[in-house]
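J.: Mind folding the following:
(one chain, ligands or ions: 1)
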Amino acid sequence: GIVHQIIKIKENHIINKNTGDFFNMSKREKWSSEFGFLMAAAGSAIGLGNLWKFPYLTGISGGAVFIIMYLILMFTLGAPLLLTEMSIGRHTKSNSIDACKKISPKWGIAGGFGVAGAFVILSYYMVIGGWVLKYMTSYLFGTIENPQQYFSDFTSSTAEPIIWLVVFTGICALIVNAGVSNGIEKISKIFLPLLFLFIIIIAVKSLSLPNSIEGVKFFLIPDFSQKNWISIFINAMGQVFFSLSLGMGTLITYGSYLDDDVNLVKNSLYIPIFDAVIAITAGFAVLPAVFVFNIPPESGAGMIFQVLPSVFNEIKFGRIFAVIFFLLVFFAAVTSAISLFEVITAYLSENRHFKRLTAVIMIFIATSFTGILSSMSFGKLSNIKILGMTFFEFFSFLSDKILMPLGGLLICILAGYIWDRVVFKNELSSGGKYKVKIFKSLRFILRYTAPLMIIIILISSWIMDLSD
Ligand code: PHE
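T.: From the prediction side, this is the model:
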């Protein structure tokens with residue numbers, strides 16, 4: 001009888017002996033609500049990119065000119081790609097590699113960039129995540145006397161940063177192991193609203209400092225005498241990709257847990273709006289404070305670790321504000337890191353048939369090792385260079401400048417040229433339930449505008465990065 005035709009080969013998987021068909025019988029996870037999805041997806045987008053990169057990129061890119069470009073690109077390029085990735089995910093209900101394969105069998109590689117990229121990003125992201133934890137606890141139990149010295153002593157040491165990065169990754173592993181709706185969604189529904197609240201507290205405080213108006217002016221008044229337009233443009237584009245978690249399979253994976261009747265177009269606008277609002281609020285929180293204390297806004301990636309602590313030391317209740325600030329950065333970092341974790345977890349468990357726990361442990365161990373290299377590149381391994389870059393710089397170059405744009409490019413081509421347009425449109429409209437007026441423009445962007453821009457950016461940023 002039928003029972004004999006079916007052999008159980010692994011937990012949850014059966015194979016039909018007659019046809020050889022392979023079924024995954026485990027019920028795929030789903031978000032428990034649209035709000036939960038939105039918090040998780042916004043949580044992925046809102047991260048160190050908004051709080052750590054955005055203020056300093058705005059600083060080195062001459063202020064408001066950068067912001068204007070960033071906002072334009074956010075909605076002309078970022079949102080369309082976000083929408084496309086979500087549609088691919090929901091349509092195929094698969095991890096990023098299988099999703100792309102289901103659109104077109106030879107195209108698994110488009111999702112492969114995501115899995116590889118997620119791994120690389122995670123491995124350096126968790127280093128900074130560890131720093132954030134360290135700073136949070138330092139302020140919780142004491143204070144930081146000499147921020148510059150403290151930062152270089154801490155980051156160049158070996159054991160302590162490694163312990164913190166392992167703790168950070170461990171927290172992410174626990175959340176992801178708990179599952180999509182039980183872990184990721186639950187945590188995002190708590191962390192994201194708190195993050196909103198905390199960043200407003202910090203921004204209000206920062207704006208209330210005397211002289212903060214200088215920072216606001218710098219932030220909001222465009223300096224059109226800028227000469228390096230091209231590099232500002234490249235920075236803005238890179239920031240949009242990174243900040244919206246594009247090209248890394250994140251939105252494919254998160255979209256794959258969505259219900260068929262969720263309005264994708266609407267969500268593809270909410271996520272960039274949240275993301276941009278947080279980035280700009282972070283600018284208001286960080287830059288005025290920086291100006292008040294006469295610190296050059298170009299002080300770079302160390303801004304939140306070296307510059308802000310000097311500010312916290314000067315103001316009343318500085319320790320409390322410091323804890324709130326680093327806690328909010330921690331929330332942002334965790335909700336992004338778990339989305340990277342989930343991209344790899346979904347692939348390992350669905351495509352490679354590992355148990356979720358096994359997959360999570362494998363990722364935890366593998367990224368920790370790579371993370372240690374990045375971490376030590378601020379200290380003992382600072383002399384080891386790949387293409388003139390330290391491990392940390394190399395990993396961020398590899399993911400931000402190579403894997404991410406290439407992944408994004410392939411997704412554009414896959415959805416713009418290969419995916420059947422009727423099927424695509426049907427997915428966007430949830431089978432005709434919603435009107436999709438933007439379909440023509442979306443396809444135009446996917447076919448022409450986006451690939452062209454990505455290629456220009458790819459080439460020019462390689463030239464710029466590798467030549468300095
Ligand atoms: N968007 C996250 C941030 O801004 C980083 C990220 C990139 C997360 C790619 C997932 C995928 O910090």
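J.: can you tell me how far the residue nearest to S243 when sequence neighbours are not counted sits from the ligand?
T.: What sits nearest to S243 in space, not counting adjacent residues and going by CB to CB, 6 or more residues apart in numbering, is G49, at 4.2 Å. All C-beta spots, glycine's among them, are computed from the backbone N, C-alpha and C. Applying CB to the nearest ligand atom, to the nearest Å, the value for G49 to the ligand is 2 Å.
J.: burial of G49, as a residue count?
T.: 27 (other CB atoms under 10 Å).
J.: How about the one 4 residues further on?
T.: Counted by other CB under 10 Å, the residues lying close to K53 total 23.
J.: what does E34 give?
T.: Neighbour tally, E34, other CB under 10 Å: 15.
J.: Would you confirm that it contacts L264?
T.: No. Contact criterion CB atoms under 8 Å: E34 and L264 do not qualify, at 10.7 Å.
J.: buried stuff in stretch 233-246?
T.: If you call a residue buried by 16 or more other CB atoms under 10 Å, then stretch 233-246 has these buried ones: 233-246.
J.: what does it rub up against?
T.: 44-47, 49-50, 53-54, 57, 60-61, 66, 69-70, 73-74, 77-78, 81-82, 85, 247, 251, 271-272, 275, 279, 336, 339, 400-401, 404-405, 408, 453, 457, 460-461, 464 (CB atoms under 8 Å, 6 or more residues apart in numbering).
J.: Could you give the separation of that stretch from the chain centroid?
T.: 10 Å (CA atoms, centre = their mean, to the nearest Å).
J.: Would that stretch count as contacting the ligand?
T.: Yes. Stretch 233-246 reaches the ligand (CB under 6 Å from any ligand atom) through 242-243, 245.
J.: and which of those residues is nearest the ligand?
T.: S245 (3.3 Å; CB to the nearest ligand atom).
J.: What is the three-state secondary structure of the closest one?
T.: Secondary structure for S245, judged by DSSP: H, G, I helix; E, B strand; the rest coil, is coil.
J.: Might one say that V65 is in contact with D223?
T.: Yes. In this structure V65 lies within contact range of D223 using CB under 8 Å: 6.0 Å.
J.: So which of these two has more stuff around it?
T.: Comparing V65 with D223 by neighbour count (other CB under 10 Å), the higher total belongs to V65, at 20 against 12.
J.: distance of the more buried one from L73?
T.: Distance of V65 to L73, given as CB to CB, to the nearest Å: 13 Å.
J.: sorry, back to before: would JSON lines of the residues of stretch 233-246 next to the ligand with pLDDT be doable?
T.: Shown next, in JSON lines, are those (pLDDT from 0 to 100):
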{"residue": "F242", "pLDDT": "95"}
{"residue": "S243", "pLDDT": "96"}
{"residue": "S245", "pLDDT": "97"}
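J.: ok, now which ones touch the residue nearest to S243?
T.: For G49, counting by CB under 8 Å, 6+ apart, the contacting residues are 239, 242-243, 279, 336.
J.: List the ones among these that fall in helices.
T.: 239, 242-243, 279, 336 (DSSP state H).
J.: could those residues be laid out in TSV, adding distance to I162?
T.: Supplementary listing: those in TSV, determined by distance: CB to CB, whole Å:
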residue	distance to I162
Q239	29
F242	25
S243	27
A279	30
S336	21
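J.: for stretch 66-79, which positions count as buried?
T.: 66-67, 69-71, 73-74, 77-79.
J.: Can you tell me what sits against that stretch?
T.: Residues contacting stretch 66-79 (CB under 8 Å, 6+ apart): 57-58, 219-220, 222, 232-233, 235-237, 239-241, 243-244, 246, 268-269, 271-272, 275-276, 279-280, 283, 445, 449-450, 453.
J.: Check the offset of stretch 243-260 from the chain's centre.
T.: Counting by CA atoms, centre = their mean, stretch 243-260 comes out at 11 Å from the chain centroid.
J.: With just CA atoms, put that stretch into CSV.
T.: Extracted as CSV, the C-alpha positions of stretch 243-260 are listed here (Å, rounded to 0.1, in the frame of the first residue of the first chain):
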residue,chain,number,x,y,z
SER,A,243,21.0,49.8,5.7
LEU,A,244,18.1,48.1,4.0
SER,A,245,19.9,44.7,4.2
LEU,A,246,19.6,44.3,0.4
GLY,A,247,21.2,41.8,-1.8
MET,A,248,21.9,39.4,1.2
GLY,A,249,18.9,37.2,1.0
THR,A,250,17.5,38.7,4.2
LEU,A,251,14.3,40.0,2.7
ILE,A,252,13.9,36.8,0.7
THR,A,253,14.2,34.8,3.8
TYR,A,254,12.0,37.0,6.0
GLY,A,255,9.5,37.4,3.1
SER,A,256,9.3,33.6,2.8
TYR,A,257,7.5,33.4,6.2
LEU,A,258,4.8,35.9,5.1
ASP,A,259,1.2,35.2,4.5
ASP,A,260,0.0,35.4,0.9
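J.: Which of the contacts of stretch 233-246 fall in helices?
T.: Among the contacts of stretch 233-246, the ones falling in helices (DSSP H) are 44-45, 54, 57, 60, 66, 69-70, 73, 81-82, 85, 251, 271-272, 275, 279, 336, 339, 404-405, 408, 453, 457, 460-461, 464.
J.: Filter the residues you listed down to the buried ones, PyMOL style.
T.: Buried members of those, defined by 16+ other CB under 10 Å, are picked up in PyMOL with:
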select buried, resi 44+45+54+57+60+66+69+70+73+81+82+85+251+271+272+275+279+336+339+404+405+408+453+457+461
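J.: still on that earlier bit, same list (the buried residues of stretch 66-79) but as TSV, adding distance to F424 and pLDDT.
T.: Output for those, formatted as TSV (distance: CB to CB, whole Å; pLDDT from 0 to 100):
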residue	distance to F424	pLDDT
F66	33	91
I67	32	92
M69	29	93
Y70	28	95
L71	27	96
L73	23	95
M74	22	96
L77	18	95
G78	19	97
A79	16	97
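J.: can you tell me which of these are up against the ligand?
T.: Within these, nothing lies near the ligand by CB under 6 Å from any ligand atom.
J.: nearest to the ligand, of these?
T.: Using CB to the nearest ligand atom, these come closest to the ligand at G78, 10.9 Å.
J.: Check which helix or strand V262 maps to.
T.: Taking DSSP states H and E as the definition, one finds V262 inside no helix or strand.
J.: Can you report how many residues lie near it?
T.: Neighbours around V262, by other CB under 10 Å: 19.
J.: Not counting its neighbours along the chain, what's nearest it?
T.: Excluding the flanking residues, the one nearest V262 by CB to CB, 6+ apart is E34, at 5.3 Å.
J.: Can you tell me the closest non-neighbouring residue to I363?
T.: Spatial nearest neighbour of I363, chain neighbours left out: I344 (5.2 Å); criterion: CB to CB, 6+ apart.
J.: Could you check how far I72 is from the ligand?
T.: The value you get for I72 to the ligand, if CB to the nearest ligand atom is used, is 18 Å.
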